[in-house]
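Participant: Fold the stuff below for me.
(one chain, ligands or ions: 1)
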Amino acid sequence: MANCAIVGINWGDEGKGRMVDLLTEKYDVVVRYQGGGNAGHTVVNDRGKFALHLLPSGIFREGVVNVLGNGVALDCENLWTELKDVRSKGVEVTPEALKISERASLLLPWHRELDALEETRLKDKKFGSTRQGIAPFYADKYQKKTILAGELFYPDRLKVHLTDLLEWKNLTLRQVYGAKGYSIEELLDWFGTYGEKIKPYVCDAAAFLRDAAEKGKRILFEAQLGALRDLDYGIHPYTTSSNALASYAPVGSGLPSAKIDTVVGVVKAYSTCVGEGPFVCEWFGERAERLRSAGAEYGAKTGRPRRVGPIDLPATRYGVRVQGATTLALTKLDVLGYMEEIPVCARYRIRGRETEEFPFPALLDEAEPVEEVLEGWQCDVSGVRTWKDLPQAARKYVEYLETALGCPIGYVSVGPERDAIILR
Ligand code: GDP
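Facilitator: Modelled structure (predicted):
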């Protein structure tokens, strides 16, 4: 279990942060390799309750080195807010404990603004962006029109580079969206405030990782969002703008030759989805409200109520496959304790035919869920810590999922706290 990736199998919010927080005990290094501060990982441990956005979930363990790799959208402003927040709760993050890749691109104020302007332009056709600037950021990165974190060490060069980018970006802001645009003074001010705060953490993180790997250190790669939001393999165009797959971890971390030995796919015992786009298994009305409130399904970043439904087997099986999961962590099993019967979305019906396969995104709008039910256990399992102590119906549900998903379930989580876990 030398190198391990912890990834989401579904739409995100599966409880990855909770699993990373648990498993970091066995690891020396935790790396975030994609995405930005647009989603949240909730971690509950002996130091309190935290909503992390960009910081790796290993920051709570003494001795663990956390890395923000070249693949992340480095939002200095949000990261600084987050660092201040954890510090106010007693968690000091030193440059020894957090290393930011000099090759990470910086998310700038105009990315956030463009995100909001475009969502406003789209009106009712909006994608449900969190307006954190992620899509404009990655678009610019692929156009090679971003500033790298390492440029903070070369202020003269940074100013020239920024002036060039500004001229180009103001064209879009002003002439496409009718916005005010930015002046170089405003941007240099921003860099003076936030860039300087982050600079002590910026280093050659790739060299650090290479060295750590050569010394046999155990490295944990932490993903954001889930397989169905992956830019290439997710539900296009309702994806995020980066690759949330385990296979991207080596590239986005700074250790491109890394071999991932274990892929822990995190699956929620039911389905949730934030934002727009097809969500075939979706429930509405009273039964949705009941599940949402039982699972406290409100976004960690936005507070938005999450869309909910039963576990979606075609989508989850697809997620397991594209993530190449070697073991699964099933979270929030405790939430289903109120149900007499546990519904699952076993198949989709598309144009009159039933299928267990997850279809091409264009067909998802036409897909209808076909539900089956399993026996419920109707009790609180949040205090259970061993497999044999789980009610038989709960064990049957876990075993049913294992067979249906074609992957062993190595962990069953029954609460948000670090120790609320059943190891199998
Ligand atoms: P992430 O982005 O994948 O880390 O997930 P989020 O943090 O957005 O959402 C998971 C939520 O479920 C958090 O509020 C966790 O504290 C909570 N959670 C995680 N595992 C469990 C569990 O087994 N039971 C319950 N009741 N809550 C859990």
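Participant: In the chain, spot the helix with the most residues.
Facilitator: helix 155-170 (DSSP state H).
Participant: could you say what helices and strands it packs with?
Facilitator: helix 184-190 (3 or more CB pairs under 8 Å, 6 or more residues apart in numbering; DSSP states H and E). Quick note: C-beta positions are derived from backbone N, CA and C, even for glycine.
Participant: Tell me which helix or strand comes right after the helix it packs on.
Facilitator: helix 196-198 (DSSP states H and E).
Participant: Any buried residues in that next one, and which?
Facilitator: Ile198 (16 or more other CB atoms under 10 Å).
Participant: Just the CA trace of the longest helix of the chain, in CSV.
Facilitator: Output of helix 155-170 as CSV, limited to C-alpha atoms (Å, rounded to 0.1, in the frame of the first residue of the first chain):
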residue,chain,number,x,y,z
PRO,A,155,8.9,40.1,-9.5
ASP,A,156,10.3,41.9,-12.6
ARG,A,157,9.4,39.1,-14.8
LEU,A,158,6.1,38.7,-13.1
LYS,A,159,5.1,42.3,-13.7
VAL,A,160,5.9,42.0,-17.5
HIS,A,161,4.0,38.7,-17.7
LEU,A,162,1.0,40.1,-15.8
THR,A,163,0.9,43.2,-18.0
ASP,A,164,0.7,41.0,-21.1
LEU,A,165,-2.0,38.8,-19.7
LEU,A,166,-3.9,41.8,-18.4
GLU,A,167,-4.0,43.5,-21.9
TRP,A,168,-5.5,40.3,-23.3
LYS,A,169,-7.9,39.6,-20.4
ASN,A,170,-9.3,43.1,-20.4
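Participant: where does this structure dip in pLDDT?
Facilitator: Low-confidence segments of the chain, defined by pLDDT under 70: 1, 127-128, 300-301.
Participant: swap the cut-off to 90 and go again
Facilitator: Counting by pLDDT under 90, the chain shows low-confidence ranges at 1-2, 17, 20-21, 24-25, 37-52, 57, 60-62, 119-132, 274-276, 298-304.
Participant: before we move on, what SS does Ser242 have?
Facilitator: coil (DSSP: H, G, I helix; E, B strand; the rest coil).
Participant: In space, what's closest to it - neighbours in sequence excluded?
Facilitator: Gln34 (4.1 Å; CB to CB, 6 or more residues apart in numbering).
Participant: Please name the residues that touch the one you found.
Facilitator: Contacts for Gln34 (CB atoms under 8 Å, 6 or more residues apart in numbering) come out as Gly69, Gly71, Val72, Ala223, Gln224, Ser242, Asn243, Ala244, Tyr248, Gly252.
Participant: Narrow those residues to those that are buried.
Facilitator: Buried among the contacts of Gln34 (16+ other CB under 10 Å): Gly69, Gly71, Val72, Ala223, Gln224, Ser242, Asn243, Ala244, Tyr248, Gly252.
Participant: Distance check, Leu152 against Val202.
Facilitator: Distance, Leu152 to Val202, using CB to CB, to the nearest Å: 6 Å.
Participant: Helices of the chain, residue ranges please.
Facilitator: 16-23, 76-88, 109-122, 134-142, 155-170, 184-190, 196-198, 205-214, 249-253, 285-294, 313-323, 361-364, 392-405.
Participant: With Asp419 as the reference, name the closest of those helices.
Facilitator: Asp419 sits nearest to helix 16-23 of all those, at 8.3 Å, using CB to CB.
Participant: Against which helices or strands is the closest one packed?
Facilitator: Checked by 3+ CB pairs under 8 Å, 6+ apart, helix 16-23 has strand 3-8, strand 41-45, strand 219-226, strand 262-268, strand 327-331, strand 409-413 packed alongside it.
Participant: Could you check that helix and say which residues are buried?
Facilitator: Lys16, Gly17, Arg18, Met19, Val20, Asp21, Leu22, Leu23.
Participant: need the buried ones among the contacts of Gln34 in CSV with distance to Ile342, can you?
Facilitator: Below are the buried ones among the contacts of Gln34 laid out as CSV (distance: CB to CB, whole Å):
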residue, distance to Ile342
Gly69, 38
Gly71, 37
Val72, 37
Ala223, 27
Gln224, 29
Ser242, 34
Asn243, 33
Ala244, 27
Tyr248, 33
Gly252, 36
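Participant: Looking at these, which is nearest the ligand?
Facilitator: Gln224 (7.0 Å; CB to the nearest ligand atom).
Participant: Thought Ala325 was touching Val263, still the case?
Facilitator: Yes: Val263 is in contact with Ala325 according to CB atoms under 8 Å; the separation is 5.0 Å.
Participant: shared neighbours of those two, anything?
Facilitator: Val7, Ala246.
Participant: Quick check: the two most widely separated of the buried ones among the contacts of Gln34?
Facilitator: Gly69 and Ala244 (13.6 Å).
Participant: residues touching the nearest residue to Gln224 once chain neighbours are set aside, list them.
Facilitator: Leaving aside its sequence neighbours, Gln224 sits nearest to Gly35 (CB to CB, 6+ apart; 3.5 Å). Listed by CB under 8 Å, 6+ apart, the contact set of Gly35 reads Val72, Ala73, Ile134, Ala223, Gln224, Leu225, Thr240, Ser242, Ala244.
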